[in-house]
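S.K.: Pasted the sequence and its predicted model underneath.
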Amino acid sequence: MDLKTYRASTMAGALAEVKKDLGADAVILRTRSFKAGGVLGFGGNSIVEITAARDAPAGGAAAPKIRPKPAGPKAVHPHTAPARDEAGGLSVPERAGAGATPAQPGPATTPTHREDRPGRRVVPSTRVSLRPVSEEATAALESELASIKGMISQVLQTTRRTAVQVEGAESLHLGSADRSDPLFDLYNTLLDHDVPMTVLDAVVAAVRDELSAGELADPAIVRETLLRHLAGRIRVVGKPESPAAGPVVEALIGPTGVGKTTTIAKLAAAQKLRYGRAVGLITADTYRIAAVEQLRTYAGIIGIPLEVVLRAEDMPPALERLRSCDVVLIDTPGRSPRDAARLEQLAGFLEAASPSRTHLVMSAGSSPRVFEAIAGRFAGAGPDCVIVSKVDEAAGMGMICHALEVSGLPLSYITTGQEVPDHIEPARPERLARLILEGRL
């Protein structure tokens with residue numbers, strides 16, 4: 001088996017090189033990732049390395065076989081030692097007769113040693129075929145190779161650029177045929193865009209089950225079907241319920257540094273400038289330096305009123321002063337997910353405000369583990385939906401799916417930059433599905 005090694009900056013790129021050089025039936029034997037370049041381990045580039053080989057053709061030429069000996073007693077020359085193989089052992093016929101009763105002398109026959117025949121190439125008498133000796137052995141070998149391919153596929157699914165962990169072929173979600181068609185190409189693209197495995201497996205399985213073999217070979221059909229199923233996995237919120245009297249009140253909560261103040265300014269500007277609604281702002285973020293002044297500046301530019309509250313009991317009077325507004329947006333102070341006392345204080349502000357809808361803001365630049373910590377700690381505040389901010393800073397657009405998966409909440413908005421009010425979008429599943437697949441805004 002001719003082994004070849006391929007290297008690329010991503011797993012998808014390395015797999016593409018393997019497929020291009022060896023074809024769809026290549027056997028992947030090993031994968032690893034490492035850093036190249038840099039100084040003392042810093043500043044290097046991530047490299048993915050795959051060792052692969054081409055599958056042996058099923059209908060290849062048969063290997064040379066041992067020529068059968070004539071039936072009957074074999075004459076042994078009294079002065080000729082038994083034929084030996086290259087390793088110095090007895091040849092196959094002599095091994096078979098070792099320890100048996102010596103053959104009785106019989107009529108002289110023509111010597112059958114290949115080296116005794118003029119003009120014939122000398123072939124060691126112990127050469128054997130490397131092919132399986134029976135159909136059962138062939139089936140067992142093919143099953144073993146399929147299992148190895150399956151385990152390698154699972155490694156590619158679950159580890160990407162990190163340590164290898166094989167879970168077994170029985171947990172695969174892509175069959176051997178899928179690994180060489182347009183569905184697998186899209187699978188690798190979504191994997192490279194950081195789509196969580198739970199979402200990716202469900203979407204790919206749904207596409208494979210829906211389409212016929214002929215449709216799975218059509219890249220356009222596969223792409224549109226995958227986008228539809230991916231969009232179906234993205235839950236979004238509807239319009240908030242309007243109270244019987246007074247404005248719709250919406251609050252933004254989340255940890256420090258996720259862009260709540262800028263996001264609330266974008267929402268306020270969009271409500272006022274795009275939809276012509278009367279908007280009021282309330283800020284309880286009096287802990288961060290210049291936070292009030294930042295929001296006051298935005299309010300002045302947009303031309304909307306701003307109320308500042310220091311304690312939870314200040315919230316109802318502030319809301320009463322903004323009663324004539326259509327929408328009131330509340331900016332809360334950022335809280336560390338580990339600061340239980342501050343989170344309890346935040347819950348007090350929300351209880352006093354009794355908002356129609358509470359948005360949990362999470363930055364797309366965070367990791368899945370950070371998403372889990374934020375969603376878990378802020379669950380006590382009772383968020384209704386998620387705003388994914390700083391999508392333009394995300395390593396992969398699939399982090400939007402991570403935020404929704406770990407929080408279990410629908411998506412209300414995404415923010416895509418710093419400009420107010422342009423860089424904010426209401427959540428639309430079809431738009432988000434294309435964004436995640438294409439990996440760019």
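M.R.: Nice, thanks for sending it over. Residues are numbered from 1 along each chain as shown.

S.K.: And the strands in the stretch 301-441 of the chain, which stretches?
M.R.: 306-308, 327-331, 357-363, 385-389, 411-415, 424-426 (DSSP state E, counting those that start in this stretch).

S.K.: Contacts for the fourth one, please.
M.R.: This points to strand 385-389. Strand 385-389 has contacts (CB atoms under 8 Å, 6 or more residues apart in numbering) with 237, 252, 258-260, 263, 357-364, 399-400, 403-404, 407, 409-415. Yep, even glycine has a C-beta here, placed from its N, CA and C like the rest.

S.K.: Selection in ChimeraX covering whichever of those residues are buried, please.
M.R.: Under the burial definition 16 or more other CB atoms under 10 Å, those of the contacts of strand 385-389 that qualify are selected in ChimeraX by:
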select :237,252,258,259,260,263,357,358,359,360,361,362,363,364,399,400,403,404,407,409,411,412,413,414,415
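
S.K.: can I get the strands of the stretch 301-441 of the chain in a markdown table with distance to residue 267 and mean pLDDT?
M.R.: A markdown table is the format used below for the strands of the stretch 301-441 of the chain (distance: least, CB to CB, whole Å; pLDDT from 0 to 100):
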| stretch | distance to residue 267 | mean pLDDT |
| --- | --- | --- |
| strand 306-308 | 14 | 93 |
| strand 327-331 | 6 | 94 |
| strand 357-363 | 9 | 94 |
| strand 385-389 | 9 | 96 |
| strand 411-415 | 7 | 95 |
| strand 424-426 | 7 | 93 |
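
S.K.: And the pLDDT at residue 391?
M.R.: At residue 391, the model reports a pLDDT of 93.

S.K.: quick one: it and residue 14, what's the gap?
M.R.: Look at residue 391 and residue 14: by CB to CB, to the nearest Å, they are 28 Å apart.

S.K.: looking at it, residue 418 is touching residue 262, isn't it?
M.R.: Yes. Between residue 418 and residue 262 a contact is recorded at 6.8 Å, counting by CB atoms under 8 Å.

S.K.: By mean pLDDT, which helix or strand of this protein comes out lowest?
M.R.: helix 92-97 (a mean of 44; mean pLDDT, DSSP states H and E).

S.K.: So the spatially most central residue of the chain versus residue 201, what's the distance?
M.R.: Centroid check for the chain by CA atoms, centre = their mean gives residue 191 as the closest residue, at 3.0 Å. Separation of residue 191 from residue 201 (CB to CB): 11 Å.

S.K.: now residue 350
M.R.: 36 Å.

S.K.: Tell me which of the two has more neighbours.
M.R.: Neighbour count, other CB atoms under 10 Å: between residue 350 and residue 201, residue 350 has more, with 21 against 17.

S.K.: residue contacts, that one?
M.R.: Neighbours of residue 350 in contact, by CB under 8 Å, 6+ apart: 251, 253, 332, 358, 381-382.

S.K.: what about 7 Å?
M.R.: Neighbouring residues of residue 350 by CB atoms under 7 Å, 6 or more residues apart in numbering: 251, 358, 381.

S.K.: Dump those into CSV; add distance to residue 298 as well.
M.R.: Shown next, in CSV, are those (distance: CB to CB, whole Å):
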residue, distance to residue 298
251, 17
358, 21
381, 24
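
S.K.: can you map out the helices along the stretch 101-250 of the chain?
M.R.: Applying DSSP state H, counting those that start in this stretch to the stretch 101-250 of the chain gives helices spanning 135-158, 182-192, 197-210, 213-216, 219-232.

S.K.: Is residue 2 in contact with residue 51, as I believe?
M.R.: No. Counting by CB atoms under 7 Å, residue 2 does not reach residue 51; the two are 11.3 Å apart.

S.K.: of the two, who's got more company?
M.R.: More neighbours surround residue 51 than the other of residue 2 and residue 51, with 15 against 7 (other CB under 10 Å).

S.K.: and that one, what element?
M.R.: Assigned by DSSP states H and E, residue 51 belongs to strand 45-53.

S.K.: same check, this time on residue 32
M.R.: Following DSSP H and E, one finds residue 32 within strand 27-36.

S.K.: Now do the residue nearest to residue 15 when sequence neighbours are not counted: how many residues are near it, please.
M.R.: Spatial nearest neighbour of residue 15, chain neighbours left out: residue 188 (6.3 Å); criterion: CB to CB, 6 or more residues apart in numbering. Residues within reach of residue 188, counting by other CB under 10 Å, total 19.

S.K.: pretty sure residue 188 is touching residue 12, no?
M.R.: Yes. With contacts counted by CB under 7 Å, residue 188 reaches residue 12, the gap being 4.0 Å.

S.K.: coming back round to it: which residues in the strand holding residue 32 does the neighbour count mark as buried?
M.R.: So, applying 16+ other CB under 10 Å, buried residues of strand 27-36: 27-29, 31, 33.

S.K.: ok, now stretch 301-309?
M.R.: Per 16+ other CB under 10 Å, stretch 301-309 contains these buried residues: 302, 304, 306-309.

S.K.: Tabulate the residues you listed (a markdown table), appending distance to residue 325.
M.R.: Output for the buried residues of stretch 301-309, formatted as a markdown table (distance: CB to CB, whole Å):
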| residue | distance to residue 325 |
| --- | --- |
| 302 | 13 |
| 304 | 8 |
| 306 | 11 |
| 307 | 11 |
| 308 | 16 |
| 309 | 16 |
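
S.K.: Domain map for this protein?
M.R.: 1-55+140-172, 175-233, 248-438 (automatic domain parsing).

S.K.: In terms of mean pLDDT, which of the ones you listed ranks lowest?
M.R.: Per-stretch mean pLDDT for the domains of the chain is lowest at domain 1-55+140-172 (a mean of 70).

S.K.: mind checking which of the domains of the chain is nearest residue 134?
M.R.: Closest of these to residue 134 is domain 1-55+140-172, at 9.4 Å (criterion: CB to CB).
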